[in-house]
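Undergrad: Here is a sequence together with a model predicted from it:
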Amino acid sequence: MTDKIAELFKDPEHARTYADRPRKIIPGFDGLHRIMAQLLGETSPANTLVVGGGGGLELQTLIRALPEGRFCAVDPSAEMIAQGRAYLGDPVSVDWVEGYVFDVPTTPFDAATCLLTLHFVPDDGAKLETLKAIHSRLKPGAPFVIAHLSIDKNDPASDRRFDRYLKFSSDSDLDPKVLKEAHERVRTQLNCVGPARDEELLREVGFSDVEPVFRGFYWCGWVAYA
């Protein structure tokens, strides 16, 4: 994660207003959450690792879908964790970890999610190490649902793809200043790669049965198994 992105998520105002933003700018956001809950529900996990879960949005869906489950939500931003606690009413079924997945106990989990997160991590070995750390914390056969913006910046068509997605988000009712800043971050600060590379990374760390399960313009999601 770049320093600028890290500072953004430590901004109390950004954290406070986070909950309403993804639904406005990510195509099919609520459907993605329903898909995530259905896929994890197939194995009825007792304990689920939620990577980048500070905002609380996917946790809200998971708590409703898996009322008997426990969840470990890890996020590097204390401000986002505070927002997630407030958003959810600080449920007793959630254990919060301020830090990265490397800081999470290695006790094996029954399932894991990583939504709207990996595109912040550079593909200089850091994406691979992050996925390895997730994989190493899962029981054999445990499902893993991951989704994020997936555009290969080295592809000549990437400008057109960014333009299409940004046009979609421009039609939301976000504040114009907030939207302009978000557009700049997407183009210059996200470390996204294309779908083929995303799948290659998942397989390289040992995930199997990697299957695309979601696509909204260039937001892509997969399920894979440890």
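TA: Noted; the coordinates are in hand. Numbers count the residues shown, from 1 in each chain.

Undergrad: What ranges does this protein have for its strands?
TA: When assigned using DSSP state E, the strands of the chain occupy the ranges 47-51, 70-75, 94-98, 111-115, 143-149, 208-216, 219-225.

Undergrad: what angle separates the second one from strand 94-98?
TA: Pointing back at strand 70-75 there. 20 degrees (axes from the mean of the first three to the mean of the last three CA atoms, to 10 degrees).

Undergrad: can you list the residues that contact strand 70-75?
TA: Strand 70-75 has contacts (CB atoms under 8 Å, 6 or more residues apart in numbering) with 9, 46-56, 59, 62-63, 81, 84, 93-101, 103-105, 109. Quick note: C-beta positions are derived from backbone N, CA and C, even for glycine.

Undergrad: Which among those residues count as buried?
TA: Neighbour-count burial (16 or more other CB atoms under 10 Å) applied to the contacts of strand 70-75 gives 9, 47-56, 59, 62-63, 81, 84, 93-94, 96-97, 100-101, 104, 109.

Undergrad: Any stretches of the chain with poor pLDDT?
TA: 1-20, 171-172, 174, 176, 178-180, 182-183 (pLDDT under 70).

Undergrad: One more pass at 90, please.
TA: 1-26, 107, 153-154, 158-190 (pLDDT under 90).

Undergrad: Any chance you could spot the residue sitting in the middle of it?
TA: Note on the chain: the residue nearest the mean C-alpha position is L115, at 1.8 Å, using CA atoms, centre = their mean.

Undergrad: I figured it hits F144, correct?
TA: No. Taking contacts as CB atoms under 8 Å, L115 lies outside contact range of F144: 11.2 Å.

Undergrad: and the residue lying closest to V121 once chain neighbours are set aside, what is it in contact with?
TA: Of all residues beyond its chain neighbours, the one nearest V121 is K127 (4.9 Å), with distances taken as CB to CB, 6 or more residues apart in numbering. Each residue near K127 by CB under 8 Å, 6+ apart is listed here: 118, 121, 191, 193, 201.

Undergrad: Can I get those in CSV including distance to G216 and neighbour count?
TA: Putting those into CSV (distance: CB to CB, whole Å; neighbours: other CB atoms under 10 Å) gives the following:
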residue, distance to G216, neighbour count
L118, 16, 25
V121, 21, 24
N191, 20, 19
V193, 17, 23
L201, 21, 20
